[in-house]
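> got a predicted model here, sequence first, then my questions.
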Amino acid sequence: EAQVTQNPRYLITVTGKKLTVTCSQNMNHEYMSWYRQDPGLGLRQIYYSMNVEVTDKGDVPEGYKVSRKEKRNFPLILESPSPNQTSLYFCASSFLLAGYNEQFFGPGTRLTVL
Amino acid sequence: GQQLNQSPQSMFIQEGEDVSMNCTSSSIFNTWLWYKQDPGEGPVLLIALYKAGELTSNGRLTAQFGITRKDSFLNISASIPSDVGIYFCAGAQGGTYKYIFGTGTRLKVLA
């Protein structure tokens, strides 16, 4: 089954404790992206990647890191989480074809930073 | 960061009614997308628009890419209970794969 998976689905942590949220897709997509969703703010793009070893900042990259060592995986790293990073996080992927923008979203990871 | 202005924020409608929502921006976009998000799930793409003036349908859904490239609207005809959810518009600017999302329209359908 074609899908985007995220782990963990739920995470409660404390300020300053490094964490990684994994994202994996099995559709051979070149493009992958991370978003955070907050009430009243919709989805905001954190980072995106056009292919292996190619990443770029989205609208709200501060406090986050990403890596793209393999095509299928795009982990989101919070080196020193803070309470303002409490949010619902989505990973998405798509093919990188001109004029084709269907992103497939993962199920989301709800992160709480105390 | 940049955001799209989406309205209305929420709507309560009767089953069978038509629904209209729109998105506006101060910037020009080359692509407009409309997504629906069900509770506890990620957004799912409904319609993608790639040309100014383009009008595209997907079943009971119709969306248009504004001539100015700064707006888009989504219509849902003859709403049914499963239309409940949050609808997001999103735009991508030329030459980038950086997506800007609207704040969402929460739709509730009363049977």
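Okay, I see it. Numbers count the residues shown, from 1 in each chain, chains lettered A, B, ... in the order given.
> the residue in chain B that chain A sits nearest to - how many residues pack around it?
As assessed by Cβ to the nearest Cβ, chain A sits closest to B:G42 within chain B, at 3.0 Å. C-beta here means a position set from N, CA and C on the backbone, and glycine is covered the same way. Per other Cβ atoms under 10 Å in any protein chain shown, the neighbour tally for B:G42 reads 22.
> also B:D18?
If we define neighbours as other Cβ under 10 Å, then B:D18 has 12 of them.
> same thing with B:S82?
8.
> residue contacts, the closest residue in space to A:Q3 that isn't next to it in sequence?
Counting by Cβ to Cβ, 6 or more residues apart in numbering or on different chains, A:N26 is the residue found nearest to A:Q3 once chain neighbours are left out, at 6.4 Å. A:N26 makes contacts with A:2-3, A:72, as judged by Cβ atoms under 8 Å, 6 or more residues apart in numbering or on different chains.
> quick one: buried ones out of those?
A:R72 (16 or more other Cβ atoms under 10 Å in any protein chain shown).
> so which of the contacts of A:N26 are in helices?
Assigned to helices by DSSP state H, none of the contacts of A:N26 qualify.
> tell me the SS of the residue of chain B closest to chain A?
coil (DSSP: H, G, I helix; E, B strand; the rest coil).
> residues contacting it?
A:4, A:90, A:92, A:105-108.
> B:F73 now?
By Cβ under 8 Å, 6+ apart, the neighbours of B:F73 are B:20-23, B:63-64, B:66.
> swap in 7 Å and give it another go.
By Cβ atoms under 7 Å, 6 or more residues apart in numbering or on different chains, the residues touching B:F73 are B:20-22, B:63-64.
> ditto for A:T109
Contacts of A:T109 by Cβ under 7 Å, 6+ apart are A:6, A:8-9, A:11, A:21, A:89.
> filter those residues down to just the buried residues.
A:6, A:11, A:21, A:89.
> how about the third one: what's its closest non-neighbour residue?
Setting aside the residues directly before and after it, A:V21 is nearest to A:L76 in space (Cβ to Cβ, 6+ apart), at 4.6 Å.
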